[in-house]
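Asker: The following block contains a protein sequence and its predicted model.
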Amino acid sequence: MSYQLLKQDVLFYQRFLKANGFYTDRLDGSWGPKINAADAAFIQQSELIKQQFGAADFRSESNIITLIPKAQITARKFISILTSQGKDVRILSGTRTYAAQDTLYKQGRNGNTLPKVTNAKGGQSNHNFGIAWDIGLFENGKYIATDSKYKHLPALVLPQLTELEWGGSWITFPDFPHYQLKAVSESVAAVRGLFESGTAYV
């Protein structure tokens, strides 16, 4: 989901900005001067993070900007570590609104013939809180979908980025391209409650 699409759900974006210290007004779903200023501050901090930790490819950049600042820093470190190991890794997915998550959840269900890609509805995924991203591994410019190619990557990054969790370690629905920041609780419901009240959760 692009940054511009993220902004189209104003209440969602207000929560995102408030939980990360940019917005201090009411969570009312209305765009006004205060959220406009908060948005500008968020973009300014994101640009400073990019300058400090390095720019990535265009697609990765379009997804990194949807993450909260702490996740942006870790995502850029993540890319840098793997690039230094000769890996061509790009961030293919970042933050999703609840509506976008619900659309993804419908894939592979109720007559949809595409494969299932998530068991999480809107508000049930850490992608909904700006702390998770999915990667793509490329070789000779071609996207690699083979799970085995992704399984050795955590050993390269997790020892250096101890704030990260890997979706490939999940028991019920392993997600090998998925990484996320550790939140204040392992309960997604608890994180959702903090996010929706505009309270910090990482």
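Answerer: Done, it's in.
Asker: and residue 180, how many neighbours?
Answerer: Residue 180 has 22 neighbouring residues, counting by other Cβ atoms under 10 Å. (Each C-beta comes from the backbone N, C-alpha and C, glycine too.)
Asker: actually residue 45, not the one I wrote
Answerer: Neighbours of residue 45 using other Cβ under 10 Å come to 15.
Asker: and if you look at residue 126?
Answerer: Neighbours of residue 126 (other Cβ under 10 Å): 26.
Asker: What strands flank the longest strand that the chain contains, and is each parallel or antiparallel?
Answerer: If you go by DSSP state E, the chain has its longest strand at strand 132-139. The pairing partners recorded for strand 132-139 under DSSP bridges are strand 88-93 (antiparallel), strand 142-144 (antiparallel), strand 178-181 (antiparallel).
Asker: tell me the most buried of those strands?
Answerer: strand 178-181 (a mean of 24; mean count of other Cβ atoms under 10 Å).
Asker: List of residues touching that strand?
Answerer: Strand 178-181 is contacted from outside by 70-71, 74, 78, 126, 131-135, 163-168, 202, using Cβ atoms under 8 Å, 6 or more residues apart in numbering.
Asker: for stretch 85-94, same thing?
Answerer: 1, 56-57, 59-60, 63-67, 75, 78-79, 82-83, 127, 130, 132-139, 141, 153, 156, 177.
Asker: try 6 Å this time
Answerer: Here stretch 85-94 makes contact (Cβ atoms under 6 Å, 6 or more residues apart in numbering) with 57, 59-60, 63, 66-67, 82, 133-138, 156.
Asker: And the furthest pair within the residues you listed?
Answerer: Largest separation among the contacts of stretch 85-94 by Cβ to Cβ: 66 and 156, giving 24.4 Å.
Asker: The two: who's more crowded?
Answerer: residue 66 (26 against 16).
Asker: coming back round to it: can you redo the strands paired with strand 132-139 as JSON lines with distance to residue 15 and mean pLDDT?
Answerer: Output for the strands paired with strand 132-139, formatted as JSON lines (distance: least, Cβ to Cβ, whole Å; pLDDT from 0 to 100):
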{"stretch": "strand 88-93", "distance to residue 15": "20", "mean pLDDT": "97"}
{"stretch": "strand 142-144", "distance to residue 15": "33", "mean pLDDT": "96"}
{"stretch": "strand 178-181", "distance to residue 15": "17", "mean pLDDT": "98"}
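Asker: wait, which of these is closest to residue 41?
Answerer: strand 178-181 (20.7 Å).
Asker: Now the element after the closest one, going C-ward?
Answerer: Per DSSP states H and E, the first helix or strand lying C-terminal to strand 178-181 is helix 188-197.
Asker: in that next one, what counts as buried?
Answerer: Using 16 or more other Cβ atoms under 10 Å as the test for burial, helix 188-197 gives 188, 191, 192, 194, 195, 196.
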